[in-house]
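1. Kindly generate the corresponding structure for this input.
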Amino acid sequence: MKKHLTMEQARYHFKTVFPPAEFAARRKKLYDAIGAGSHALLRGETRESGGSFCQAADFFYCCGVEIPGAFLLLSGADRTATLFVPHRPADTHPDNVGLGVEDARMIRHFTGVEAVCGVEAMAGSLKGIKILYALHKPAELPHVTRWTALHADKARAEDPWDGRPSDRLHFISLLKTRYQHLDIRELDPFIFAMRRVKSPCEISVMREAGRLTALAVTEAMRLTRPGMVERELSALANRIYRAHGATGEAYGTIVASGRNMQFGHYSRNNAVMKDGDIVLMDGAPDYHCYTSDIGRIWPVNGTYAPWQRELYGFVVDYHKTLLALLRPGVMAEDVLKAAAKKMAKVVMRTTFTKAIYKAAAKRMLEFNGHLSHPVGMSVHDACSYHEKPLEPGVVLSVDPMTWVPKEELYIRCEDTVVITRNGIENFTAAAPLELDDVEACMRRGTA
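-> Predicted coordinates:
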């Protein structure tokens, strides 16, 4: 006999911070995009990753379902959504194996889709379709951005001992083989465009993700001591994420001390932090399928050396200049140009202790084009903010950076912000930024 859930039990299988109306509004935009003569088919993830199931970001974005092996069919003509999900084995409880088509009433309630059917029914539904939009780009998952997935797929395709296509391209190949009448088109650009501007509900979730990010970094600062191993700081952060409702890290936390700072995406986190070194930390939680981004540098012993104040202090000043210039209606490249013009005067009146430090400051101002990247369901979200003026609801990280190769240094400072009607809201502002505030935070940790 099949086990069934109460509505209260079923809610734990969904991220109820997003009401059904949120997903319905997104699907409405997709109906408008594909047109009345077309359908769209999204295939969710099919397997567990790291001991738990993680749904692909674009699939979750359209329906909020975290069921392995699910499909979502959207009809542009009827403007209706049908979920096809597997059956649960007999005599199994949903809390043990997850939801199945037997839980159709619950699934409809929490997602707002019009119909829920078994996966076996999907084949017949595709027979009368002529134009079908499908996802071509690889899935975004925790620890896997769109760009890292594209790189992995390219490497696999070019491997002489592998050569397999990506999972999604393989699925499209199956569709073309089994339904030769289909005109299959790319759905990804429509979803990319939709994800550029976050809804009020998304912003609320990202605000909390940013708060947890700042809280974790602040705690790491407070407890840093010479002799600790880098990974101890990422463990502190992960504990805070999980204690406040996140599922863990959204991406591998960077904790890079000493010479390890020169590597942009350092991940070993196994070095002992030494007295006199500075440490860079960059990490954020996976909070209801959304994340944040941050970058802070602090002294392992609690006090910045003069050269550390000089370099990092300049980056922090540039960072604050960028934040002050961000507002709706401006192009990202114009923000960079205006900030560089202001900071060029600071370079001129600053006496740097080394010529290579002055060169690094100048190089940062010349690094035009890198305000940073969109943030959302992924730390490098699959959308873009460069092509048109910034608008309320666009979320991005602000991440000025510079290098001093001769001294194996990579210095940067990062926050995640949302463009508002009047300027910005800084989601990660609670993490100490000013150098004096950082030192004060660390002194409180020793009290």
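
2. so who does the residue most central in space within the chain touch?
-> In the chain, the centroid-proximal residue (CA atoms, centre = their mean) is residue 378; its distance is 1.8 Å. Contacts were defined as CB atoms under 8 Å, 6 or more residues apart in numbering; by that measure residue 378 touches 57, 140, 145, 146, 250, 291. All C-beta atoms are positioned from the backbone trio N, CA, C, and that covers glycine.

3. gap between the residue nearest to residue 210 when sequence neighbours are not counted and residue 60?
-> Distances taken as CB to CB, 6 or more residues apart in numbering place residue 427 nearest to residue 210, at 2.5 Å, with adjacent residues excluded. Counting by CB to CB, to the nearest Å, the gap from residue 427 to residue 60 is 21 Å.

4. Which parts of the stretch 51-200 of the chain are strands?
-> Applying DSSP state E, counting those that start in this stretch to the stretch 51-200 of the chain gives strands spanning 52-53, 71-75, 80-85, 115-118, 131-134, 183-186.

5. Indicate which one of these is closest to residue 158.
-> The closest of the strands of the stretch 51-200 of the chain to residue 158 is strand 183-186. By CB to CB, the value is 22.1 Å.

6. Over that closest one, what's the mean pLDDT, rounded is fine.
-> Averaging pLDDT along strand 183-186 gives 97.

7. likewise stretch 245-258?
-> Mean predicted confidence for stretch 245-258 is 95.

8. cool, stretch 341-353 as well?
-> 92.

9. just stretch 153-167 next, same as before
-> 90.

10. Quote the end-to-end distance of that stretch.
-> One end of stretch 153-167 sits 9 Å from the other (CA to CA, to the nearest Å).

11. What lies in contact with that stretch?
-> So stretch 153-167 is in contact with 138, 139, 149, 170, 173, going by CB under 8 Å, 6+ apart.

12. Let me know the pLDDT of the third one.
-> We have a pLDDT of 89 for residue 149.

13. hang on, isn't it packed against residue 135?
-> No. Applying CB atoms under 8 Å, one finds residue 149 not in contact with residue 135, separated by 11.9 Å.

14. about what we covered before: TSV for the contacts of residue 378, including distance to residue 343 and neighbour count?
-> Output for the contacts of residue 378, formatted as TSV (distance: CB to CB, whole Å; neighbours: other CB atoms under 10 Å):
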residue	distance to residue 343	neighbour count
57	35	24
140	34	26
145	30	22
146	32	22
250	31	28
291	29	29
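
15. Mind checking which of these are in helices?
-> 57, 146 (DSSP state H).

16. okay if I get the contacts of residue 378 as CSV plus distance to residue 197?
-> Putting those into CSV (distance: CB to CB, whole Å) gives the following:
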residue, distance to residue 197
57, 16
140, 18
145, 20
146, 18
250, 21
291, 17
